[in-house]
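[1] Any chance you could fold what I've pasted below:
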Amino acid sequence: MLDYINTIIKPMLEGAQMTVLLFLIAIVVSIPLGFLLTLAVKSSIKPISWLAQVYIYLMRGTPLLLQLLIICFGLPLIPVIGEYLILDRFVAACLGFILNYAAYFAEIFRGGLLAIDKGQYEATQVLGLNKWQTTTRVIIPQMFRIALPAVSNESVTLVKDTALLYAVAVPELLHYAQTAVNRDFTIAPFFIAGIIYLIITFLLTMLFKWLERRYRFE
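    Residues are numbered from 1 along each chain as shown. Predicted structure coming up:
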């Protein structure tokens, strides 16, 4: 059994590298984009606010898998411009994850802003802080502190959702596990894949717990 595990673990770890890479790209880009969407929703310019709300509703209201299929296979079928929208599968997958999770993070940050007591704004006026100082020094730090547990949960979900890469033919962890299962007629690769996912999510959870403890006492 150990010999068999040694033969399949290397390609599965290579797949796990693709999983982690997608996660890192998606999380690094979607969190700032989500915050910008939150600001757009709160914008006093009605068309911008309306467009941001519609975008968030569409991305949260349709399955991520459907969005990935549209980006990977649907965009190239658009008349006239489709040939210019053919993307590398991994790039297309990254784009899909970023656009989808930005909408979820936007809602998380909006909830964080709503949770801030109005007295905080009044206190900054008493202290003589301008709008920029109030936003950057008081509001945003509190918003992130409040939103951090929800961001943590969403990040763990993002790790698990990377398994959807399998549906758009990007060779990630689940792809190699499925290949081994079909070839060797054993479900052991699925258990190994599950263990790898658990290790990744455990490390991520520990990171966010550390961040929560750090910001709790600041």
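
[2] contacts and neighbour counts: CA atoms only from here.
    OK.

[3] can you pull out the helices in the protein?
    With DSSP state H as the criterion, the chain has helices at 2-41, 46-61, 64-69, 89-114, 118-126, 131-133, 140-161, 173-184, 188-216.

[4] Need those in CSV (columns: mean neighbour count, mean pLDDT and distance to Leu75).
    Formatted as CSV, the helices of the chain follow (neighbours: other C-alpha atoms under 10 Å; pLDDT from 0 to 100; distance: least, C-alpha to C-alpha, whole Å):
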stretch, mean neighbour count, mean pLDDT, distance to Leu75
helix 2-41, 18, 90, 20
helix 46-61, 16, 95, 16
helix 64-69, 18, 94, 9
helix 89-114, 22, 93, 10
helix 118-126, 12, 72, 45
helix 131-133, 11, 74, 40
helix 140-161, 18, 90, 22
helix 173-184, 18, 87, 24
helix 188-216, 15, 90, 31
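
[5] export those to JSON lines and tack on distance to Ile81?
    JSON lines is the format used below for the helices of the chain (distance: least, C-alpha to C-alpha, whole Å):
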{"stretch": "helix 2-41", "distance to Ile81": "26"}
{"stretch": "helix 46-61", "distance to Ile81": "22"}
{"stretch": "helix 64-69", "distance to Ile81": "18"}
{"stretch": "helix 89-114", "distance to Ile81": "16"}
{"stretch": "helix 118-126", "distance to Ile81": "48"}
{"stretch": "helix 131-133", "distance to Ile81": "42"}
{"stretch": "helix 140-161", "distance to Ile81": "30"}
{"stretch": "helix 173-184", "distance to Ile81": "31"}
{"stretch": "helix 188-216", "distance to Ile81": "39"}
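
[6] And the ones you listed: which comes nearest Ala167?
    Closest approach to Ala167 among these (C-alpha to C-alpha): helix 64-69, 7.8 Å.

[7] Report the backbone C-alpha coordinates of that closest one in PDB.
    Once non-C-alpha atoms are left out, helix 64-69 reads as follows in PDB (Å, rounded to 0.1, in the frame of the first residue of the first chain):
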ATOM      1  CA  LEU A  64     -19.600  29.400 -10.000                       C
ATOM      2  CA  LEU A  65     -19.400  26.300 -12.300                       C
ATOM      3  CA  LEU A  66     -21.700  28.000 -14.800                       C
ATOM      4  CA  GLN A  67     -19.600  31.100 -14.800                       C
ATOM      5  CA  LEU A  68     -16.400  29.100 -15.400                       C
ATOM      6  CA  LEU A  69     -18.100  27.200 -18.300                       C
END
